[in-house]
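When you get a sec, could you give me coordinates for this:
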Amino acid sequence: MKNLVRAGSSAVLLLAMMFVGSLVLWVGLPLGCLYLGSRVQGATQSLGAALLAMAGALIVGIGTLVPILGWMNRKHGELRAARGRESYGQAALEGVMVVSATVALVGFSVWFFFLSGAAPVPLLSGK
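Modelled structure (predicted):
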């Protein structure tokens, strides 16, 4: 905790923003693309159009979010350097991405195995 205070509240805020942006990248963007695809498929009755819309939205979303996350990581490094702290390059963004991907994976696993009602192994479902 003491190191977080020394890094400055702006750097901590940037880390929190990177974490939220990473969760949007792992969770929000795929869910949004699925929603978009379902709306397009419902309106056009075309699976191809839905897949094309989803792929396009995914490319645009990733192309937008990744540079923003990179910019925040550079700003985080600049803030650390301005306070006389050592800059670790991409380590902040890499750590945030790993933690957010782990949170997303654990959340998906809990939802899939315990909340969705789906049987992970159909032969063991008892039906």
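
pull the longest helix from the protein.
The longest helix of the chain (DSSP state H) is helix 47-82.

and that helix, which residues are buried?
Within helix 47-82, the residues that count as buried by 16 or more other Cβ atoms under 10 Å are 50, 53-54, 57-58, 61, 65, 69, 72-74, 76-77, 79-80. For every residue, glycine as well, the C-beta is placed using N, CA and C.

which helices and strands sit right next to that helix?
Under the contact criterion of 3 or more Cβ pairs under 8 Å, 6 or more residues apart in numbering; DSSP states H and E, helix 47-82 touches helix 9-23, helix 29-44, helix 91-110.

what separates the closest residue to residue 10 other than its chain neighbours from residue 23, distance-wise?
Among residues not flanking residue 10 along the chain, residue 79 sits closest, at 5.4 Å (Cβ to Cβ, 6 or more residues apart in numbering). Going from residue 79 to residue 23 by Cβ to Cβ, to the nearest Å gives 22 Å.

ditto for residue 44
Looking at residue 44 against residue 23, where the rule is Cβ to Cβ, the gap reads 31 Å.

what do you get for residue 85?
For residue 85, the distance to residue 23 - Cβ to Cβ - is 26 Å.

quick check: angle from the longest helix of the chain to helix 29-44?
Computed by axes from the mean of the first three to the mean of the last three Cα atoms, to 10 degrees, the angle separating helix 47-82 from helix 29-44 equals 160 degrees.
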